[in-house]
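# give the three-dimensional model of this entry:
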Amino acid sequence: MRVVSLVPSLTEAVAVSAPGALVACTDWCTHPEGLDVPRIGGTKNPDVAAVAALRPDLVVANEEENRPDNLAALRSAGLEVLVTEIRDLEGALRELDRVLRACGVASRPRWLDEAEAAWASPPSGRPPRRAVVPVWRRPWMVLGRDTFAGDLLARLGVANVYADHPERYPRVPLDELRAAGADLVVLPDEPYRFTADDGPEAFGGLPAALVDGRHLTWYGPSLVRAPQVLGRALGAVVR
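This is a model prediction of the structure:
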(Lines give C-alpha, C1' and ligand atoms only; values in the text may rest on other atoms or scores of the structure.)
Protein backbone atom coordinates (compact mmCIF):
# COMPACT_ATOMS: atom_id res chain seq x y z
CA MET A 1 0.00 0.00 0.00
CA ARG A 2 1.00 3.59 -0.70
CA VAL A 3 -0.80 5.94 1.66
CA VAL A 4 -0.99 9.73 1.94
CA SER A 5 -2.36 11.09 5.20
CA LEU A 6 -3.96 14.52 5.51
CA VAL A 7 -4.56 14.20 9.26
CA PRO A 8 -1.83 14.29 11.93
CA SER A 9 -3.58 11.72 14.15
CA LEU A 10 -3.99 9.29 11.27
CA THR A 11 -0.42 9.88 10.11
CA GLU A 12 0.87 8.67 13.46
CA ALA A 13 -1.49 5.69 13.50
CA VAL A 14 -0.52 4.57 10.00
CA ALA A 15 3.20 5.14 10.48
CA VAL A 16 3.24 3.08 13.68
CA SER A 17 0.97 0.30 12.47
CA ALA A 18 1.97 -0.03 8.80
CA PRO A 19 5.67 0.84 8.54
CA GLY A 20 6.63 1.85 5.02
CA ALA A 21 3.07 2.43 3.80
CA LEU A 22 3.09 6.20 4.31
CA VAL A 23 4.48 8.09 1.30
CA ALA A 24 3.50 11.65 2.30
CA CYS A 25 1.76 13.66 5.00
CA THR A 26 1.01 17.26 5.98
CA ASP A 27 3.32 19.88 7.44
CA TRP A 28 1.45 19.52 10.74
CA CYS A 29 2.17 15.81 11.14
CA THR A 30 4.71 15.91 13.98
CA HIS A 31 4.47 12.29 15.17
CA PRO A 32 6.02 9.85 15.23
CA GLU A 33 9.09 11.97 15.82
CA GLY A 34 11.62 11.77 13.03
CA LEU A 35 9.07 10.74 10.40
CA ASP A 36 10.90 11.11 7.09
CA VAL A 37 8.35 11.37 4.28
CA PRO A 38 7.53 14.19 1.83
CA ARG A 39 5.27 17.00 3.10
CA ILE A 40 2.41 18.13 0.88
CA GLY A 41 1.12 21.27 2.60
CA GLY A 42 -1.33 21.80 5.42
CA THR A 43 -4.53 20.04 6.38
CA LYS A 44 -6.60 22.89 4.92
CA ASN A 45 -4.45 23.53 1.85
CA PRO A 46 -2.75 20.34 0.65
CA ASP A 47 -0.95 20.40 -2.69
CA VAL A 48 -3.41 18.30 -4.66
CA ALA A 49 -1.11 18.01 -7.68
CA ALA A 50 1.76 16.80 -5.49
CA VAL A 51 -0.47 14.20 -3.85
CA ALA A 52 -1.71 12.96 -7.23
CA ALA A 53 1.87 12.76 -8.55
CA LEU A 54 2.72 10.29 -5.78
CA ARG A 55 0.04 7.92 -7.11
CA PRO A 56 -1.05 6.67 -3.70
CA ASP A 57 -3.41 3.72 -3.33
CA LEU A 58 -5.26 5.60 -0.61
CA VAL A 59 -5.57 9.10 0.85
CA VAL A 60 -6.85 9.22 4.45
CA ALA A 61 -8.69 12.32 5.59
CA ASN A 62 -11.19 13.65 8.12
CA GLU A 63 -14.44 15.53 7.55
CA GLU A 64 -13.54 18.14 10.17
CA GLU A 65 -9.86 18.73 9.44
CA ASN A 66 -9.92 18.70 5.63
CA ARG A 67 -11.91 20.85 3.23
CA PRO A 68 -14.53 19.20 0.99
CA ASP A 69 -13.25 20.96 -2.14
CA ASN A 70 -9.76 19.53 -1.66
CA LEU A 71 -11.13 16.04 -1.14
CA ALA A 72 -13.29 16.40 -4.25
CA ALA A 73 -10.24 17.50 -6.25
CA LEU A 74 -8.32 14.44 -5.10
CA ARG A 75 -11.17 12.17 -6.15
CA SER A 76 -11.35 13.96 -9.51
CA ALA A 77 -7.67 13.12 -9.94
CA GLY A 78 -8.63 9.45 -9.71
CA LEU A 79 -7.53 8.86 -6.13
CA GLU A 80 -9.36 6.84 -3.51
CA VAL A 81 -10.09 8.99 -0.46
CA LEU A 82 -11.19 7.54 2.87
CA VAL A 83 -12.86 10.21 5.01
CA THR A 84 -13.26 9.61 8.72
CA GLU A 85 -15.92 11.13 10.97
CA ILE A 86 -15.01 11.25 14.64
CA ARG A 87 -17.15 12.85 17.34
CA ASP A 88 -16.35 10.68 20.38
CA LEU A 89 -13.99 7.99 21.67
CA GLU A 90 -16.04 5.05 20.40
CA GLY A 91 -16.13 6.58 16.96
CA ALA A 92 -12.38 7.19 17.05
CA LEU A 93 -11.60 3.58 17.92
CA ARG A 94 -13.98 2.34 15.24
CA GLU A 95 -12.61 4.66 12.56
CA LEU A 96 -8.99 3.91 13.45
CA ASP A 97 -9.68 0.22 12.96
CA ARG A 98 -11.31 0.97 9.59
CA VAL A 99 -8.42 3.15 8.42
CA LEU A 100 -5.74 0.66 9.40
CA ARG A 101 -7.51 -2.21 7.69
CA ALA A 102 -7.83 -0.09 4.55
CA CYS A 103 -4.07 0.55 4.78
CA GLY A 104 -3.35 -3.16 4.72
CA VAL A 105 -2.90 -3.82 8.44
CA ALA A 106 -3.99 -7.44 8.77
CA SER A 107 -4.69 -7.54 12.50
CA ARG A 108 -5.70 -5.01 15.12
CA PRO A 109 -2.53 -3.38 16.51
CA ARG A 110 -1.72 -3.80 20.19
CA TRP A 111 -1.72 -0.05 20.84
CA LEU A 112 -5.36 0.17 19.77
CA ASP A 113 -6.33 -2.50 22.31
CA GLU A 114 -4.23 -0.72 24.93
CA ALA A 115 -5.97 2.57 24.17
CA GLU A 116 -9.39 0.99 24.57
CA ALA A 117 -8.33 -0.60 27.86
CA ALA A 118 -6.86 2.68 29.16
CA TRP A 119 -10.12 4.50 28.59
CA ALA A 120 -12.25 1.70 30.02
CA SER A 121 -11.18 2.86 33.50
CA PRO A 122 -9.80 6.40 33.26
CA PRO A 123 -8.48 8.22 36.35
CA SER A 124 -11.23 9.29 38.71
CA GLY A 125 -11.69 10.40 42.29
CA ARG A 126 -11.78 14.17 41.88
CA PRO A 127 -15.10 16.09 42.10
CA PRO A 128 -16.89 16.77 38.78
CA ARG A 129 -16.01 20.10 37.20
CA ARG A 130 -17.79 22.41 34.77
CA ALA A 131 -15.41 23.92 32.26
CA VAL A 132 -15.11 26.21 29.30
CA VAL A 133 -12.58 24.87 26.80
CA PRO A 134 -11.15 27.49 24.45
CA VAL A 135 -9.40 26.29 21.32
CA TRP A 136 -8.63 29.74 19.90
CA ARG A 137 -8.47 33.39 20.87
CA ARG A 138 -8.79 36.55 18.76
CA PRO A 139 -11.61 35.64 18.38
CA TRP A 140 -12.38 33.34 21.28
CA MET A 141 -13.64 29.92 20.14
CA VAL A 142 -14.55 27.03 22.43
CA LEU A 143 -15.55 23.40 22.26
CA GLY A 144 -19.27 23.07 21.61
CA ARG A 145 -21.42 20.03 20.91
CA ASP A 146 -20.33 16.59 19.69
CA THR A 147 -16.57 16.93 19.88
CA PHE A 148 -14.00 14.21 20.44
CA ALA A 149 -12.11 16.36 22.94
CA GLY A 150 -15.31 17.11 24.83
CA ASP A 151 -16.05 13.41 25.12
CA LEU A 152 -12.58 12.68 26.52
CA LEU A 153 -12.97 15.43 29.10
CA ALA A 154 -16.39 14.13 30.12
CA ARG A 155 -14.85 10.72 30.77
CA LEU A 156 -12.40 12.43 33.10
CA GLY A 157 -15.12 14.19 35.07
CA VAL A 158 -15.05 17.53 33.26
CA ALA A 159 -18.38 18.69 31.81
CA ASN A 160 -18.17 21.14 28.92
CA VAL A 161 -20.39 24.15 29.66
CA TYR A 162 -21.08 24.55 25.93
CA ALA A 163 -21.76 20.88 25.18
CA ASP A 164 -25.34 21.74 24.17
CA HIS A 165 -24.45 24.67 21.94
CA PRO A 166 -25.87 24.40 18.39
CA GLU A 167 -22.36 24.75 16.94
CA ARG A 168 -19.41 22.44 17.43
CA TYR A 169 -16.86 25.25 17.74
CA PRO A 170 -18.78 28.42 18.57
CA ARG A 171 -17.30 31.89 18.79
CA VAL A 172 -18.20 33.26 22.19
CA PRO A 173 -17.25 36.73 23.52
CA LEU A 174 -14.93 36.63 26.50
CA ASP A 175 -17.39 38.31 28.83
CA GLU A 176 -19.89 35.53 28.09
CA LEU A 177 -17.27 32.86 28.74
CA ARG A 178 -16.50 34.44 32.09
CA ALA A 179 -20.20 34.47 33.00
CA ALA A 180 -20.96 30.93 31.79
CA GLY A 181 -20.92 29.39 35.27
CA ALA A 182 -17.76 27.34 34.84
CA ASP A 183 -15.49 26.49 37.77
CA LEU A 184 -12.54 25.62 35.49
CA VAL A 185 -11.05 26.71 32.19
CA VAL A 186 -9.21 24.04 30.19
CA LEU A 187 -6.53 25.46 27.89
CA PRO A 188 -4.87 23.10 25.37
CA ASP A 189 -1.65 24.00 23.57
CA GLU A 190 -3.15 23.34 20.13
CA PRO A 191 -4.57 24.46 17.79
CA TYR A 192 -3.93 27.73 19.65
CA ARG A 193 -0.88 27.49 21.88
CA PHE A 194 -2.20 28.54 25.27
CA THR A 195 0.47 28.84 27.95
CA ALA A 196 0.70 29.93 31.58
CA ASP A 197 1.33 33.47 30.32
CA ASP A 198 -1.21 33.45 27.49
CA GLY A 199 -4.73 32.41 28.41
CA PRO A 200 -5.31 32.06 32.16
CA GLU A 201 -5.11 35.82 32.75
CA ALA A 202 -8.22 36.32 30.59
CA PHE A 203 -10.37 34.43 33.09
CA GLY A 204 -9.52 36.31 36.25
CA GLY A 205 -9.42 34.04 39.26
CA LEU A 206 -10.93 31.00 37.54
CA PRO A 207 -8.66 27.95 37.95
CA ALA A 208 -6.99 27.00 34.67
CA ALA A 209 -5.75 23.58 33.54
CA LEU A 210 -3.06 23.71 30.85
CA VAL A 211 -3.30 20.48 28.88
CA ASP A 212 -1.37 18.79 26.09
CA GLY A 213 -3.41 19.35 22.94
CA ARG A 214 -2.15 16.18 21.28
CA HIS A 215 -3.45 14.02 24.11
CA LEU A 216 -6.77 15.90 24.12
CA THR A 217 -7.49 16.12 20.40
CA TRP A 218 -5.49 13.40 18.60
CA TYR A 219 -7.02 9.98 17.98
CA GLY A 220 -4.12 7.57 17.56
CA PRO A 221 -1.36 5.97 19.65
CA SER A 222 -1.43 8.98 21.99
CA LEU A 223 -4.75 7.67 23.32
CA VAL A 224 -2.86 5.03 25.31
CA ARG A 225 -1.32 7.59 27.67
CA ALA A 226 -3.95 10.29 27.31
CA PRO A 227 -6.02 9.42 30.44
CA GLN A 228 -2.98 9.72 32.70
CA VAL A 229 -1.50 12.78 30.96
CA LEU A 230 -4.79 14.67 30.95
CA GLY A 231 -5.70 13.52 34.45
CA ARG A 232 -2.47 14.95 35.85
CA ALA A 233 -2.96 18.25 34.02
CA LEU A 234 -6.54 18.60 35.21
CA GLY A 235 -5.39 18.04 38.77
CA ALA A 236 -2.60 20.63 38.55
CA VAL A 237 -4.55 23.83 37.94
CA VAL A 238 -3.08 27.32 38.06
CA ARG A 239 -4.85 30.37 39.47
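# per-residue confidence averaged over stretch 10-17?
Mean pLDDT, taken over the full extent of stretch 10-17, equals 97.
# just the buried positions in that stretch, please.
Residues of stretch 10-17 classed as buried: Leu10, Thr11, Glu12, Ala13, Val14, Ala15, Val16, Ser17 (neighbour count, 16 or more other Cβ atoms under 10 Å). For glycine as for every other residue, the C-beta is placed from the backbone atoms N, C-alpha and C.
# ok, residues contacting it?
Identification of contacts with stretch 10-17 by Cβ atoms under 8 Å, 6 or more residues apart in numbering yields 3, 5, 21-22, 25-26, 29, 31-32, 35, 60, 62, 84, 96, 99-100, 103, 105, 109, 111-112, 218-222.
# got it, and stretch 212-232?
Against stretch 212-232 from outside (Cβ under 8 Å, 6+ apart): 8-10, 12-13, 16, 31, 86, 89, 92, 95-96, 111, 114-115, 118-119, 122-123, 148-149, 152-153, 155-156, 188-191, 211, 233.
# so which of these belong to helices?
Among these, DSSP state H puts 8-10, 12-13, 16, 89, 92, 95-96, 111, 114-115, 118-119, 148-149, 152-153, 155, 233 in helices.
# buried subset of those, written for ChimeraX?
Applying 16+ other Cβ under 10 Å to those, the buried members can be selected in ChimeraX as follows:
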select :8,9,10,12,13,16,89,92,95,96,111,115,118,119,148,149,152,153,155,233
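# next step: the contacts of stretch 10-17 restricted to helices.
Among the contacts of stretch 10-17, the members found in helices (DSSP H) are Leu96, Val99, Leu100, Trp111, Leu112.
# can you tell me, leaving aside adjacent residues, what's nearest to the last one?
By the measure of Cβ to Cβ, 6 or more residues apart in numbering, the closest residue to Leu112 outside its immediate chain neighbours is Leu96, 6.0 Å from it.
# surely the one you found touches Arg108?
No - counting by Cβ atoms under 8 Å, Arg108 is not a contact partner of Leu96; they are 9.4 Å apart.
# pLDDT weak spots in the chain?
124-126, 238-239 (pLDDT under 70).
# am I right that Val7 is in contact with Asn62?
Yes - under the criterion of Cβ under 8 Å, Val7 makes contact with Asn62 at 4.7 Å.
# buried only: go through the contacts of stretch 10-17 for me.
Buried subset of the contacts of stretch 10-17 (neighbour count, 16+ other Cβ under 10 Å): 3, 5, 21-22, 25-26, 29, 31, 60, 62, 84, 96, 99-100, 103, 105, 109, 111-112, 218-222.
# inside strands: which ones of the residues you listed?
Val3, Ser5, Leu22, Val60, Asn62, Thr84 (DSSP state E).
# just list the residues touching the fifth one, thanks.
Same thing as Asn62. Asn62 neighbours (Cβ under 8 Å, 6+ apart): Leu6, Val7, Ser9, Leu10, Val83, Thr84, Glu85, Ile86.
# try 6 Å
Val7, Thr84 (Cβ atoms under 6 Å, 6 or more residues apart in numbering).
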